[in-house]
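A.B. asks: Return atomic coordinates for the entry below.
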Amino acid sequence: MSDFKDELDNVENEIRALISTEDNLPPKLFILPVQGRPIFPGVFTPLMINSGEDTKVIEKAWESGGFVGIVMTRDEKDNPSLPDLYEVGTVAHIIKKMNLPDGGLNCFISTVKRFRIRKAIHSTSPMAVAVEYLDDEESDTFEVKALTRALISEMKDISENNPLFSEEMRLNMVNIDQSGKIADFVTSVLNVDREEQQKILEMTNVRQRLEKVLVFIKKEQEVLRVQKKIQNELNERIEKNQREYFLREELRSIQEELGTDADGKKTDYQKYKEKISKLAFEGEIKETVESELEKFSLMDPNSSEYIGTRNFLELVISLPWKDEPKIQFNLADAKKILEESHYGLDDVKKRIVEYLAVRLMKKDTKGSVLLLVGPPGVGKTSIGKSVAEAMGKEFYRFSVGGLHDESEIKGHRRTYVGAMPGRIIQGLKITKSKAPVFMIDEIDKMNASNQGDPSAALLEVLDPEQNINFRDTYLDLPFDVSNILFILTANSLDTVPEPLLDRAEIVELAGYIDQEKIEIAKKYLIPKNAEKNGLKKGQVKFTTKALSRIAQEYAREAGVRYFEKCLDKIHRKIVTEIISQSSDDKNAGLSKIIIDEKLVEKYLGKPNFDESQIKKADVPGTAIGLAWTSMGGDTLLIESTSFPGKDGLQLTGQMGDVMKESAQIAFNWSKKYVMEKLKPSKDGSEINSEWFESNVIHLHIPEGATPKDGPSAGITMATTFVSLLTGKKIKSNLAMTGELSLTGQVLPIGGLREKTVAARRNGIKTIIIPKANERDLDEIPEHVKKGIKFIPVSRVEEVMANAF
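C.D. replies: Next comes the predicted model:
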């Protein structure tokens with residue numbers, strides 16, 4: 001170590017000797033470009049050379065006497081040429097150079113003097129130039145001395161407040177005896193832009209240089225002042241946080257000893273621990289919950305994990321783990337409640353009563369799964385509340401219409417921020433019961449997506465073999481949901497997955513006929529709506545004919561939703577009249593208001609349906625069919641005509657693929673039937689194969705904007721074709737439904753009850769149905785079938801015999 005120190009002392013002595021003999025500087029220099037900052041004269045510093053080009057420059061300079069010119073580049077780019085350099089640089093003497101293993105050099109240099117590039121000798125690497133050495137324009141004036149003293153004083157102040165300034169730097173600054181070199185030294189240690197440092201390097205006037213450096217020192221002092229202020233504020237904040245942390249930890253230790261929070265109340269941990277111990281969990285549940293509780297006790301209340309675990313424990317203690325379901329009803333009272341709350345719906349009521357009877361017989365509370373299918377407005381959702389009331393159970397309803405994320409059913413993983421349990425567990429938490437009535441609406445409107453299939457998630461919930469140990473993803477503990485009575489609703493079964501249908505008992509609800517709508521309005525809709533609009537009981541009375549007109553001319557839908565809107569509209573207008581008259585007549589509104597047929601049109605405007613809109617097959621080439629839709633049953637007028645051409649059969653009216661195939665089968669059968677059996681003539685000419693080759697038959701189903709499809713219009717299309725070809729009209733008030741085969745067999749159809757209701761609503765007196773559907777007539781209430789003649793047929797020939 002002492003040898004190395006002696007060597008450094010020798011090097012410094014050599015430097016001083018070189019500086020004192022500046023006359024030995026060569027007129028030509030090899031140029032070493034630097035990118036960072038310029039190097040000022042009077043500096044002894046190591047220099048690391050990594051570039052191969054720069055290594056060549058150092059080697060050339062070493063061979064030529066050891067002097068090299070150091071010049072800063074204008075832009076920080078690699079491999080610069082002479083035009084890319086500033087004109088003023090610093091000449092340096094290479095004191096020592098050492099080769100490095102990676103091919104680079106480590107040099108010790110001593111900068112001597114400023115120079116200006118006068119002429120280029122070699123413009124590319126290694127660059128060589130002729131130079132002109134620059135002397136300081138220094139004078140011993142009082143101003144220069146004053147500036148020098150001010151500079152040293154300010155710099156001392158900065159060095160004392162900045163830990164980056166070493167003691168060696170302070171000593172060097174004091175030992176420098178020339179004002180210009182003091183300015184150079186100060187500039188080299190200040191945090192100044194490279195361009196500003198280059199400007200100072202180019203200044204030969206010492207006075208101007210000192211003034212410029214003093215400006216930079218003032219800026220540095222301002223930065224240091226702000227920095228010191230920020231540092232003090234930060235230190236105060238850290239000290240405060242540390243103090244609060246220690247106090248908080250101390251308080252926490254005290255609270256743990258006492259088992260209370262700061263207000264003397266029990267802590268969350270103590271509260272959860274007591275409630276969980278009362279639940280007396282066993283097995284997996286006990287192990288998991290106690291593990292979460294232990295983690296909870298060690299968590300910082302300000303952490304996000306604390307909130308997540310707290311929510312989990314809150315859910316655990318809120319669920320009805322130990323709720324023992326009890327039978328709280330008798331069959332007579334249950335029947336009474338169902339009858340009072342809903343008119344009709346006999347199939348649903350019968351099934352509910354059967355379920356209740358079985359539960360009473362077995363004395364258990366096991367649930368079941370009912371799927372109510374029917375058009376909107378027939379009372380599917382409202383019956384759920386009545387069932388819960390009849391059984392004395394809690395009721396929870398949620399809709400899955402438009403749902404596309406299975407985590408809505410089974411919950412999210414607790415690792416996610418904002419995770420929540422699924423709808424099933426949420427419902428149990430809300431109802432506080434292990435055996436409530438759950439109504440899940442619109443299960444036919446769920447959608448699968450990249451977030452899973454909600455209908456698949458429902459399978460585990462509804463399967464009696466699996467739901468004893470239903471495992472919600474958020475809770476991740478087995479929970480028995482087998483005691484829940486699930487009532488599902490749908491408008492159509494077409495979009496309900498088959499596995500879901502297997503787990504449910506399907507109860508179909510047909511639409512209401514006019515008589516049923518009138519009874520429903522009298523018993524339920526009018527009292528409820530009158531109260532909603534502020535009218536007293538019995539203040540407004542509707543005649544039966546008025547209600548019948550609303551049903552026939554304004555609300556022909558399968559349900560009663562639009563019917564109720566019509567009543568609401570009438571009540572609103574009556575209330576408006578009462579309020580308007582009350583300012584003039586104090587007794588206004590006290591008398592009863594009778595709504596008859598004329599007042600219906602006054603309040604509701606022109607009818608939506610009239611006699612002209614009733615579908616009639618009163619010309620040859622037309623027939624009336626019956627269709628089933630998710631909105632209920634409907635009548636379907638099918639029209640056909642013929643004209644010369646060679647296109648065979650044309651179909652219009654938004655028919656689906658199944659209906660198009662039925663039309664083709666009906667056309668081929670009718671063509672054969674007409675030519676073989678009837679041999680008719682039209683306009684004096686016999687219809688034969690030549691006639692079909694030279695004529696086009698066009699089949700159309702009106703309301704072309706509505707898509708139509710299904711296998712139940714075959715015999716209606718065949719009747720339409722036969723009517724067209726024979727020129728005969730079908731019987732009045734006749735409708736039909738049924739599919740046909742190519743051999744003339746009449747195939748069974750579905751939705752006969754809904755179709756019958758639609759036929760009755762449209763004044764149909766006779767309905768031709770497939771023989772195989774004769775058994776379905778028993779399921780249709782007598783008041784719906786009353787006044788309608790049903791003709792079962794097994795062959796299309798029978799249809800023709802009864803239609804004309």
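
A.B. asks: all contacts plus neighbour counts: C-alpha atoms, from now on.
C.D. replies: Noted.

A.B. asks: Look through this structure and tell me its longest helix.
C.D. replies: helix 206-258 (DSSP state H).

A.B. asks: Quick one: neighbours of residue 510, just the number.
C.D. replies: Number of residues near residue 510 (other CA atoms under 10 Å) recorded here: 25.

A.B. asks: Check whether it really touches residue 375, as I assumed.
C.D. replies: Yes - with contacts counted by CA atoms under 8 Å, residue 510 reaches residue 375, the gap being 7.3 Å.

A.B. asks: Give me the distance between residue 539 and residue 53.
C.D. replies: Counting by CA to CA, to the nearest Å, the gap from residue 539 to residue 53 is 107 Å.

A.B. asks: hmm, I was thinking of residue 464
C.D. replies: Distance from residue 464 to residue 53, by CA to CA: 83 Å.

A.B. asks: Mind checking which of the two has more residues around it?
C.D. replies: Per other CA under 10 Å, whichever of residue 464 and residue 53 has more neighbours is residue 464, with 18 against 14.

A.B. asks: mind listing what the more buried one touches?
C.D. replies: residue 482 (CA atoms under 8 Å, 6 or more residues apart in numbering).

A.B. asks: what helix or strand does it sit in?
C.D. replies: Assigned by DSSP states H and E, residue 464 belongs to no helix or strand.

A.B. asks: Over to it: give its phi and psi.
C.D. replies: phi -60, psi -20 (degrees, to the nearest 10).

A.B. asks: quick one, helices of the stretch 301-450 of the chain?
C.D. replies: 304-318, 331-341, 346-362, 380-391, 407-410, 423-431 (DSSP state H, counting those that start in this stretch).

A.B. asks: Residue 500 belongs to a strand, doesn't it?
C.D. replies: No - assessed by DSSP: H, G, I helix; E, B strand; the rest coil, residue 500 does not belong to a strand; its assignment is helix.

A.B. asks: In space, what's closest to it - neighbours in sequence excluded?
C.D. replies: Computed as CA to CA, 6 or more residues apart in numbering, the closest residue to residue 500 that is not its neighbour in sequence is residue 459, at 6.2 Å.

A.B. asks: cool, residue 378 as well?
C.D. replies: Nearest one to residue 378, counting by CA to CA, 6+ apart, is residue 559 at 4.5 Å.

A.B. asks: Quick check, the one you found in contact with residue 345.
C.D. replies: No - counting by CA under 8 Å, residue 345 is not a contact partner of residue 559; they are 12.0 Å apart.

A.B. asks: Which residues are in contact with the residue nearest to residue 378?
C.D. replies: When contacts are counted by CA under 8 Å, 6+ apart, residue 559 touches 375, 376, 377, 378, 379, 511, 512.

A.B. asks: Please identify which helix or strand holds it.
C.D. replies: Residue 559 is located outside every helix and strand, with elements delineated by DSSP H and E.

A.B. asks: now residue 29
C.D. replies: Element membership of residue 29, judged by DSSP H and E, is strand 28-34.

A.B. asks: Could you identify the helix or strand that succeeds that strand?
C.D. replies: The helix or strand immediately downstream of strand 28-34 is strand 44-49, counting by DSSP H and E.

A.B. asks: Now do that next one, average pLDDT.
C.D. replies: For strand 44-49, mean pLDDT is 85.

A.B. asks: ditto for stretch 271-291
C.D. replies: Looking at stretch 271-291 alone, the average pLDDT works out to 86.

A.B. asks: Other residues contacting it?
C.D. replies: Contacts of stretch 271-291 (CA under 8 Å, 6+ apart): 293, 313, 314, 317, 321, 322, 477, 478.

A.B. asks: from those, which would you call buried?
C.D. replies: 293, 313, 317, 321, 477 (16 or more other CA atoms under 10 Å).

A.B. asks: From residue 615, how far out is the last one?
C.D. replies: Pointing back at residue 477 there. Residue 477 is 60 Å from residue 615, by CA to CA.

A.B. asks: hang on, the earlier thing: the residue nearest to residue 500: neighbour count?
C.D. replies: By other CA under 10 Å, neighbour count at residue 459 equals 18.

A.B. asks: Could you list the buried residues of the strand or helix carrying it?
C.D. replies: For residue 459, the host element (DSSP H and E) is helix 454-462. Going by neighbour count (16+ other CA under 10 Å), the buried part of helix 454-462 is 454, 455, 457, 458, 459, 460, 461, 462.

A.B. asks: State the distance spanning the first to the last residue of stretch 533-541.
C.D. replies: 14 Å.

A.B. asks: before we move on, back to that, quick check: the residue nearest to residue 500 vs residue 466, distance?
C.D. replies: 9 Å.

A.B. asks: you'd agree residue 711 is up against residue 661?
C.D. replies: No - using CA under 8 Å, residue 711 is not in contact with residue 661, being 9.2 Å away.

A.B. asks: Surely residue 711 is in a helix?
C.D. replies: No - counting by three-state DSSP, residue 711 falls outside a helix, being coil.

A.B. asks: which residues touch it?
C.D. replies: Taking CA under 8 Å, 6+ apart, one finds 658, 659, 662, 738, 739, 749 in contact with residue 711.

A.B. asks: before we move on, what SS does the third one have?
C.D. replies: Taken by three-state DSSP, the conformation at residue 662 corresponds to helix.

A.B. asks: List the contacts of the nearest residue to it once chain neighbours are set aside.
C.D. replies: Among residues not flanking residue 662 along the chain, residue 714 sits closest, at 5.3 Å (CA to CA, 6+ apart). Neighbour list for residue 714: 659, 662, 663, 665, 666, 737, 738, 739, 740 [criterion: CA under 8 Å, 6+ apart].

A.B. asks: Quick check: the farthest pair among those residues?
C.D. replies: Among the contacts of residue 714, the pair separated by the greatest distance (CA to CA) is 665 and 737, at 15.5 Å.

A.B. asks: neighbour count winner among the two?
C.D. replies: Neighbours were tallied for residue 665 and for residue 737 using other CA under 10 Å; the higher tally belongs to residue 737 (28 against 22).

A.B. asks: That one touches residue 718, doesn't it?
C.D. replies: No - Residue 737 is beyond contact range of residue 718, at 11.4 Å (criterion: CA under 8 Å).

A.B. asks: Quick check: residue 627 is in a helix.
C.D. replies: No - looking at residue 627 with three-state DSSP, it is strand, so not inside a helix.

A.B. asks: ok, it to residue 27 distance?
C.D. replies: Residue 627 is 110 Å from residue 27, by CA to CA.

A.B. asks: Which elements pack onto the helix or strand containing residue 735?
C.D. replies: Assigned by DSSP H and E, residue 735 falls within strand 734-736. Packing partners of strand 734-736 (3 or more CA pairs under 8 Å, 6 or more residues apart in numbering; DSSP states H and E): strand 622-629, strand 766-770.
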